[in-house]
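Novice: with the input below, show me the fold.
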Amino acid sequence: MASPSGSGARDRVASCGGTLSAYAPEGVQRDERTLPPGDCPEEDCPVAGTTLDFAPGQGLTLAGYQRHGGARAGAAWDQEAFLRLLAP
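Specialist: Just a heads-up that it's a prediction; the model follows:
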């Protein structure tokens with residue numbers, strides 16, 4: 001998502017819940033993607049990103065969590081953390 005813009009500057013990436021958004025340096029939104037869940041046998045696993053950071057020479061990293069159990073589990077859901085490397 002962080003592709004070069006016409007001015008040679010890089011797009012800015014923001015995370016809000018389960019959505020990543022890319023913006024041009026001028027503030028124009030360029031792209032928006034929903035974070036896909038990892039392994040999820042229940043087919044109802046909400047994902048939320050909590051922290052974006054830059055890994056030198058690698059690109060962006062995203063930390064967050066994914067819940068398991070879904071609506072059928074009521075209050076019996078489980079939660080796991082993740083760290084993902086996002087392609088530059």
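
Novice: just how off-centre is stretch 53-60 within its chain?
Specialist: 14 Å (Cα atoms, centre = their mean, to the nearest Å).

Novice: next: stretch 48-67.
Specialist: Per Cα atoms, centre = their mean, the centroid offset for stretch 48-67 relative to its chain is 7 Å.

Novice: same check, this time on stretch 43-52
Specialist: 7 Å.

Novice: same question, stretch 41-58
Specialist: 4 Å.

Novice: bridging residues for residue 14?
Specialist: Under DSSP bridges, the beta-bridge partners of residue 14 are residue 21.

Novice: and residue 47, what does it touch?
Specialist: Residue 47 makes contacts with 18, 35-38, 64-66, as judged by Cβ atoms under 8 Å, 6 or more residues apart in numbering. Glycine gets a C-beta too; all of them are placed from N, C-alpha and C.

Novice: from those residues, which two are the most distant?
Specialist: Using Cβ to Cβ, the contacts of residue 47 span at most 14.2 Å, a distance reached by 36 and 65.

Novice: partners of residue 29 in the sheet?
Specialist: Under DSSP bridges, the beta-bridge partners of residue 29 are residue 23.

Novice: pull up the gap between it and residue 37, please.
Specialist: Distance, residue 29 to residue 37, by Cβ to Cβ, to the nearest Å: 24 Å.

Novice: so residue 25 versus residue 41, what's the distance?
Specialist: 42 Å.
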